[in-house]
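Q: Can you look at this prediction? I've put the sequence above it.
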Amino acid sequence: MEIQISSNICKLVPAFSVGIIEYKDIQVGASPQMLKGRLQLFQESIYFDLLEKNVTDLDGIKEWRSIFKTTGKDPNRYRHSAEALYRRIAKQNYLQSVNSAIDLNNFFSLEYQIPIGVYDWDKLNGNVELRLGNDNEEYAGLNGRPNNLEKLIVSADDLGPFGSPFVDSERTAVTEETSNALQIIYLRPSSTQESKQKMTESLMKMFTQIHGGSGSYKIVGC
């Protein structure tokens, strides 16, 4: 599978890059208590931090809001997934455990203040391109409603868009039946190449520690 970034994104965000992790022969299930406990404690820590500052003051949240604005999507109406998580926690509406893959995704998204998507590899068709959504594109999202993808950064295969740093689609959702997965980490353009590599590798290692199987990663950028 080839994964490319469109020229339109690169013109708007020249330093745009994503971490790509491919997993094979994994086992998704209920999260181990270690992960559940770390996620709960981290959310409580974030909640108390947010008593003294606004979500939009956080560097990672701010940077991805700026990217949405640059591509033409109002960040006040369309909040990227990491910001949405932080806003939930600010209201003490803590995240409940879904499954081991989603919980780990959320943990790293909170830790690094960036959107991260994880997708069932076997539900994808053909190569993947990260591009801007067209004005007539939408998909049924994991938020339970149709989502307008115009001017959003989306990941698309031969069947159309399936993921976005806003919300992912139902079509490629990871479940306990998933055995192969693709993870897309929407890195901060301001991060160094070394820190991008380190963060991506760290996520891959923890993911395979919990889910077994094997993983390989790369950084794809403009």
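A: Received the coordinates, thanks.

Q: and G72, what does it touch?
A: For G72, the contact set (Cβ atoms under 8 Å, 6 or more residues apart in numbering) comprises K151. Every C-beta, even on glycine, is put in place using the N, C-alpha and C of the backbone.

Q: Against E150, how distant is it?
A: 8 Å (Cβ to Cβ, to the nearest Å).

Q: ok, the residue nearest the centre of the chain - contacts?
A: A centroid search over the chain (Cα atoms, centre = their mean) returns I116, at 1.5 Å, as the residue closest to the centre. Contact partners of I116, counting by Cβ under 8 Å, 6+ apart, are 81-82, 105, 108-109, 183-186, 203.

Q: which residues in this structure form strands?
A: 3-5, 17-24, 116-120, 128-132, 138-140, 146-148, 153-157, 160-163, 181-186, 214-221 (DSSP state E).

Q: S45: which of the ones you listed is closest?
A: Nearest to S45 among those is strand 116-120 (19.3 Å), distances taken as Cβ to Cβ.

Q: and that closest one, average pLDDT?
A: Strand 116-120 carries an average pLDDT of 98.

Q: so how far is that strand from its chain's centroid?
A: 7 Å (Cα atoms, centre = their mean, to the nearest Å).

Q: What of stretch 196-208?
A: Worked out by Cα atoms, centre = their mean, stretch 196-208 lies 14 Å from the chain centre.

Q: Quick check: the residue nearest to the centre of the chain vs P189, distance?
A: 16 Å.

Q: Pick the one among the contacts of I116 closest to E2.
A: If you rank the contacts of I116 by distance to E2 using Cβ to Cβ, I184 comes first, at 13.9 Å.

Q: May I ask you to confirm that D135 is in contact with E150?
A: Yes: counting by Cβ atoms under 8 Å, D135 does reach E150; the two are 4.5 Å apart.

Q: For the protein, just list every one of the helices.
A: Secondary structure of the chain by DSSP state H: the helices cover 7-12, 33-49, 59-71, 81-90, 100-112, 193-211.
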